[in-house]
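In: Based on what follows, work out the 3D shape:
(2 chains)
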Amino acid sequence: ETGVTQSPTHLIKTRGQQVTLRCSSQSGHNTVSWYQQALGQGPQFIFQYYREEENGRGNFPPRFSGLQFPNYSSELNVNALELDDSALYLCASSSDRNTEAFFGQGTRLTVV
Amino acid sequence: AQSVTQLDSQVPVFEEAPVELRCNYSSSVSVYLFWYVQYPNQGLQLLLKYLSGSTLVESINGFEAEFNKSQTSFHLRKPSVHISDTAEYFCAVTGGYQKVTFGIGTKLQVIP
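Out: Numbering: from 1, shown residues only, chains lettered A, B, ... in the order given. Here you go, the predicted structure:
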């Protein structure tokens, strides 16, 4: 059984660019949630995907968007990057049969 | 709506001394509670969880937490800490819809 994997592990982008982050969910999990963890802060909920549909969203602007694929892997897209988007982005997968979320190692995004 | 308050941003403690990391939550629905640990430049690892049943839950590495509904608390304790316990600890709550709300974290610094 593989865990949650995220790619890339580190990324540097320029302000105004677009970025795509990827997440492979744990085997048997159909729900993926994305979190932003700014330096010195706790993770903040961005949105959740359940069976390819957005299933809840936190207080993030529309330039944060996502997708979930039939194999339940997921992408987080951020358009028009701002310096404040620099953070660790965490993906978590879970099953609708329990409430435990398993986290990946994260993608460290730096916007310069 | 849910919220989590971690009362201490940093806790220094000498090796082999006991430690308590405090967590209070608020929620309008029944909750599930978690403690996650984060080592530098890594993702989140689940330390322990309370879903139902016994209010005292334990981890495999000697940590324990007690769910106190009347005081809306879920404090984390360990009777004797090791250097390897140095990390950041996040208390988290979910109402069962898998969106997890995190506290801002407590940095545990174990002093040799």
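In: And the pLDDT at the residue nearest in space to the middle of chain A?
Out: Chain A has A:W34 as the residue nearest its centroid, 3.3 Å off, counting by Cα atoms, centre = their mean. pLDDT, A:W34: 96.
In: Quick check: nearest residue in space to it, chain neighbours excluded?
Out: Take A:W34 and drop its neighbours on the chain: the residue closest to it by Cβ to Cβ, 6 or more residues apart in numbering or on different chains is A:I46, 4.3 Å away. Where C-beta positions appear, they are placed from N, C-alpha and C, glycine not excepted.
In: burial count for that neighbour?
Out: If you count neighbours by other Cβ atoms under 10 Å in any protein chain shown, A:I46 ends up with 22.
In: Secondary structure of it: a strand, I assume?
Out: Yes. Assessed with DSSP: H, G, I helix; E, B strand; the rest coil, A:I46 lies in a strand.
In: and the worst-scoring helix or strand of chain B on mean pLDDT, anywhere near chain A?
Out: The helix or strand of chain B with the poorest confidence is strand B:56-58; it has a mean of 87 (mean pLDDT, DSSP states H and E). No. Remark: strand B:56-58 sits outside contact range of chain A, by Cβ under 8 Å from any Cβ of the partner chain, the gap being at least 12.6 Å.
In: and that strand, what other elements does it pack with?
Out: strand B:44-50, strand B:64-68 (3 or more Cβ pairs under 8 Å, 6 or more residues apart in numbering or on different chains; DSSP states H and E).
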